[in-house]
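Undergrad: Sequence first, predicted model second:
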There are 2 protein chains.
Amino acid sequence: MAMQAQVIYDFSAEPGNNELTVREGETVTVLNQNVGGGWIEAQNARGESGLVPEDYLQVSVCLCSLRITHHNNVCDGAAVTHLFCCNSLRICKVKSNPMLFVTCMGDVGPVWLYPQSPLDCVVADPKKGSKMYGLKSYIEYQVTPNTTNRPVNHRYKHFDWLYERLLEKFGSAIPIPSLPDKQVTGRFEEEFIKMRMERLQGWLCRMCRHPVVSNSDVFQLFLTYRDEKEWKTGKRRAEKDECVGPMVFSTIDPEAPELDIIEVEQKCELFSRFTKEMDDGVKDLLNVGNIHWKRCTGPLRKEYQKIGKAFQNLSSVFNTSGYTGEATLTDALTAAGKTYEEISQIVAEQPRKDLHFLMETNNEYKGLLGCFPDTIGVHKVHNRYYSTTMNHFHSNRIYDYNRVMQLYLEEQIRFYETIAEKLKQTLGQFTTL
Amino acid sequence: MAMQAQVIYDFSAEPGNNELTVREGETVTVLNQNVGGGWIEAQNARGESGLVPEDYLQVSVCLCSLRITHHNNVCDGAAVTHLFCCNSLRICKVKSNPMLFVTCMGDVGPVWLYPQSPLDCVVADPKKGSKMYGLKSYIEYQVTPNTTNRPVNHRYKHFDWLYERLLEKFGSAIPIPSLPDKQVTGRFEEEFIKMRMERLQGWLCRMCRHPVVSNSDVFQLFLTYRDEKEWKTGKRRAEKDECVGPMVFSTIDPEAPELDIIEVEQKCELFSRFTKEMDDGVKDLLNVGNIHWKRCTGPLRKEYQKIGKAFQNLSSVFNTSGYTGEATLTDALTAAGKTYEEISQIVAEQPRKDLHFLMETNNEYKGLLGCFPDTIGVHKVHNRYYSTTMNHFHSNRIYDYNRVMQLYLEEQIRFYETIAEKLKQTLGQFTTL
């Protein structure tokens, strides 16, 4: 399963150190992410391989982009369409008016008509920009949609502008999750930029997956504008758009019949309870995840370090005995001590490798679930779209949780196996007397 | 590596429950100690196998007895002699007087003359006894030496009597570690009895390994008395023994020459520093071991349980969605939740399986190191025995730590592998969409 990474800064290899020279913008294949010490083993397009500092690479981490990079940058459209439509579409009305969003009947009831090749995009390559002769500086991200493969640049405030437009236009009909938090302190720190980029990527991916949102003019403008002029004109037009709020329902052509009022009330009640309970469940998981994360990077890390130190101390004392034949024990005991120090590092770094994605997905859902009460209210009136919204949510949820749980378990297995392997090597150093 | 266990209480199998009926005193082979829930899978002499409650079995846990049981109850004398004598004896004087303890020159300098077949014994089968028409009750242990293979019964107070005799007689020349703590509360609780028995076994094993102690009349009396009369007569004789304290040096026939006073001072100084530093190292390890133990059985156990519960809760919520095709995710998510609950149990039970032996050995050494300051003082005078004592200590120490570290690492590897295996099975339940 080859993983791609984009080089975000130039790096010149130190000769004889098994390092690899890379240039900004270059794409490399990740050979080993677990070499440790802040290094990644990578291979360039010419087949040369070596170590590159991990901070110099942007490994695709978003769940969506993972899917893309795993398929050699060819978006696995068929699989996704298959998933979202739940097996097959039964009856579909397709109209040519681009403003008309279509629903149709799938196996699970009314669903959106999903495109054959779903839209997706990669947010990468954060760069510091400045204006007003350097008085104001900001971070600009490169956003590349899979339709044009042409990158456009956007700052956080552009994402924020897009969010406001989508909320205004679709917020009554479709849950639009909030952007990752605005934050001023530390916003130029690498760690923070990386995290924000990942979350913007996650947010944008989710928007891409919604056929109504992703087909809208304002969203397409954001992804595909060709120059400053087109962007500014498009912005003005979007801000003047009058087809917003409940009016957006008039642009949707429903396949589903009008429902009985009591039935709608019941369904809304059920879904409302579902989102409330899922919200509790998600918060519960986030809560224990946070505690576990802190334990791994804090007390547990220190504890394994102390165990390692205790073995090494004992070994040092034993070394002073002056007794013949001491070395077989002390060497092995020192090795055991070092192994537990390594385990301490592995334990501390593990949450970033597995818990991180689980937490990110649940954080996203926490935000998404927060949008539902409003939307449910509106759907009681425009009840024909109710099932479409629910089905979109459920199919995405099943896909997301399936994927993130697999990722989590895969990394957990690797974690336990890595430690077992290290301990085996250490055990081999002890002599059977 | 078959492990034997002695049945300490009768147990009748529940039909159809895969249990095994066993009778007190029977010896069974342990097939699987890790079935969990307080059960052990065992096989009897007739080849029948099944589950037996672990509290009904006395699995040989002492490091010494492990060595014995691993070799089908034939004590691996050659290996041990080889170890203690460090390769080969160079020159040995052997005299026929049984009261005369002999030292000789080994590769490492003067060592005790170790017997070809070292003495060892098993402490097992604790039974509640009573006297004064049931007014007073006590626990009696069965002690079986490998020389006679005939069990004798002893209460804790008999061990204490033996300790006092050994201390009085040999305490000036040989470090005699204290007995496991006297304790009144909870002394009839199974857990406590098991722990005390294990520690008495450890103490007795260590005494057996010392050729001077193990050959002494009082020690032999303790292990081999044939009836109450012989025990009482022997006790009286031992209590009247006048060859005690520094006088015991007159019964040792040294091979080593008298040393230069300054050299002795230096060696004593060195060893004194060694024992002090080892004492610090041992306490350090015990300290972090205790903290780690508590974390595993306390917060970590609870945390994995909470993670498990959080997955299962989410799965329950998902189950109420009413969405078609929900089951593939919810079943797998429930399985993941249960796996983390199992991991919680495994984590909590792990310290008993590995840390326990590491802690016991270090506790023993803490006691042993506490005896040294006195002994070192005496050795400054009777300096010819100095090296013999040190060499005995060092060879035992290397053997003990080598063994206990291997045991610890083996169990740790099994721990990490077990969890990885469980997670793999769980991962297999998720669908690749």
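TA: Received the coordinates, thanks. Residues are numbered from 1 along each chain as shown, chains lettered A, B, ... in the order given.

Undergrad: residues making contact with stretch A:218-236?
TA: Identification of contacts with stretch A:218-236 by C-beta atoms under 8 Å, 6 or more residues apart in numbering or on different chains yields A:119, A:121, A:143, A:145, A:147-148, A:150, A:152, A:154, A:158, A:161-162, A:165-166, A:169, A:207, A:213-214, A:217, A:238, A:241. (C-beta placed from N, C-alpha, C; glycine too.)

Undergrad: In chain A, what helix or strand scores lowest on average pLDDT?
TA: Using mean pLDDT, DSSP states H and E, the weakest-scoring helix or strand in chain A turns out to be helix A:63-70, at a mean of 31.

Undergrad: related to what we said a few turns ago, just the buried subset of the contacts of stretch A:218-236, please.
TA: Neighbour counting with 16 or more other C-beta atoms under 10 Å in any protein chain shown marks A:119, A:121, A:143, A:145, A:147, A:152, A:154, A:158, A:161-162, A:165-166, A:169, A:207, A:213-214, A:238 as buried within those.

Undergrad: What about the residues you listed, which are in helices?
TA: Using DSSP state H, the subset of the buried ones among the contacts of stretch A:218-236 located in helices is A:158, A:161-162, A:165-166, A:169, A:207, A:213-214, A:238.

Undergrad: quick one: contacts for the residue nearest to A:L300 when sequence neighbours are not counted?
TA: Nearest residue to A:L300 in three dimensions, chain neighbours excluded: A:V347, at 5.3 Å (C-beta to C-beta, 6 or more residues apart in numbering or on different chains). By C-beta under 8 Å, 6+ apart, the contact list for A:V347 reads A:296, A:300-301, A:304.

Undergrad: so which helix or strand takes in A:V347?
TA: helix A:327-353 (DSSP states H and E).

Undergrad: Identify each buried residue in the next helix or strand after that helix, please.
TA: Per DSSP H and E, the first helix or strand lying C-terminal to helix A:327-353 is helix A:355-370. Buried residues in helix A:355-370, counting neighbours by 16+ other C-beta under 10 Å, are found at A:355-369.

Undergrad: Report the rounded mean pLDDT for helix A:355-370.
TA: Model confidence over helix A:355-370, given as mean pLDDT, is 92.

Undergrad: same question, stretch A:332-341
TA: For stretch A:332-341, the mean pLDDT works out to 97.

Undergrad: which residues of the stretch 1-150 of chain A fall in strands?
TA: Secondary structure of the stretch 1-150 of chain A by DSSP state E, counting those that start in this stretch: the strands cover A:3-7, A:27-36, A:39-43, A:49-53, A:57-59, A:101-106, A:109-112, A:121-131, A:136-145.

Undergrad: Against chain B, how distant is A:C296?
TA: Between A:C296 and chain B the computed distance is 10 Å (C-beta to the nearest C-beta, to the nearest Å).

Undergrad: okay, now that residue: neighbour count?
TA: Neighbour count of A:C296, defined by other C-beta atoms under 10 Å in any protein chain shown: 19.

Undergrad: That one contacts A:A348, doesn't it?
TA: Yes. Under the criterion of C-beta atoms under 8 Å, A:C296 makes contact with A:A348 at 6.1 Å.

Undergrad: how close does A:Q266 get to B:Y156?
TA: Computed with C-beta to C-beta, to the nearest Å, the distance linking A:Q266 and B:Y156 is 72 Å.

Undergrad: Sorry, slip of the keys, the one I care about is A:R295.
TA: A:R295 is 41 Å from B:Y156, by C-beta to C-beta.

Undergrad: Per-residue pLDDT of A:I261, please?
TA: 74.

Undergrad: whoops, A:C92 was the one
TA: At A:C92, the predicted lDDT confidence score is 30.

Undergrad: Please identify the helix or strand for A:Y408.
TA: helix A:386-427.

Undergrad: is chain B contacted by that helix?
TA: Yes. Between helix A:386-427 and chain B, judged by C-beta under 8 Å from any C-beta of the partner chain, the touching residues are A:390-391, A:394-395, A:397-399, A:401-403, A:405-406, A:409-410, A:412-413, A:416-417, A:419-420, A:423-424, A:426-427.

Undergrad: what's the neighbour count on A:G16?
TA: Neighbour number of A:G16 under other C-beta under 10 Å is 6.

Undergrad: And it, what's its pLDDT?
TA: So A:G16 comes in at 72 (pLDDT).

Undergrad: how close does it sit to A:D10?
TA: A:G16 sits at a distance of 20 Å from A:D10 (criterion: C-beta to C-beta).

Undergrad: Check A:T144 too.
TA: According to C-beta to C-beta, A:T144 and A:D10 sit 21 Å apart.

Undergrad: More neighbours: which of these two?
TA: A:T144 (17 against 12).

Undergrad: Pull the contacting residues for the more buried one.
TA: A:T144 neighbours (C-beta under 8 Å, 6+ apart): A:121-122, A:124, A:150-152.

Undergrad: Could you do A:L427 as well?
TA: Applying C-beta under 8 Å, 6+ apart, we find A:L427 in contact with B:406, B:409-410, B:413.

Undergrad: before we move on, what about A:Q6?
TA: Counting by C-beta under 8 Å, 6+ apart, A:Q6 makes contact with A:25-27, A:57-58, A:60, A:124-125.

Undergrad: Quick check: end-to-end length of stretch A:141-152?
TA: This stretch, stretch A:141-152, spans 8 Å end to end (C-alpha to C-alpha, to the nearest Å).

Undergrad: Surely A:W293 is in contact with A:L355?
TA: Yes. Assessed by C-beta under 8 Å, A:W293 is found in contact with A:L355 at 5.5 Å.

Undergrad: In the host helix or strand of A:K276, which residues are buried?
TA: Using DSSP H and E, A:K276 falls within helix A:261-295. By neighbour count on 16+ other C-beta under 10 Å, the buried set for helix A:261-295 is A:264, A:267-268, A:271, A:274-275, A:277-279, A:281-282, A:284-286, A:288-289, A:292-293, A:295.

Undergrad: Check stretch A:414-432 too.
TA: A:414-420, A:422-424, A:426-427, A:429-430.

Undergrad: Dump those into JSON lines; add distance to B:N32 as well.
TA: Output for the buried residues of stretch A:414-432, formatted as JSON lines (distance: C-beta to C-beta, whole Å):
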{"residue": "A:R414", "distance to B:N32": "27"}
{"residue": "A:F415", "distance to B:N32": "26"}
{"residue": "A:Y416", "distance to B:N32": "20"}
{"residue": "A:E417", "distance to B:N32": "22"}
{"residue": "A:T418", "distance to B:N32": "26"}
{"residue": "A:I419", "distance to B:N32": "23"}
{"residue": "A:A420", "distance to B:N32": "19"}
{"residue": "A:K422", "distance to B:N32": "26"}
{"residue": "A:L423", "distance to B:N32": "21"}
{"residue": "A:K424", "distance to B:N32": "21"}
{"residue": "A:T426", "distance to B:N32": "25"}
{"residue": "A:L427", "distance to B:N32": "21"}
{"residue": "A:Q429", "distance to B:N32": "28"}
{"residue": "A:F430", "distance to B:N32": "25"}
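
Undergrad: and the residues you listed, which two are the farthest apart?
TA: Spatial extent of the buried residues of stretch A:414-432 (C-beta to C-beta) is set by the pair A:R414 and A:F430 at 25.8 Å.

Undergrad: What residues are bridge-paired with the closest residue to A:L20 other than its chain neighbours?
TA: Residue nearest to A:L20 in three dimensions, not counting chain neighbours: A:G50, with 3.1 Å by C-beta to C-beta, 6+ apart. Taking DSSP bridges as the rule, A:G50 bridges to A:A42.

Undergrad: Stretch A:22-39 spans what distance, first to last residue?
TA: 13 Å.

Undergrad: Is chain B within reach of it?
TA: No. Between stretch A:22-39 and chain B, judged by C-beta under 8 Å from any C-beta, nothing touches; the nearest distance is 15.3 Å.
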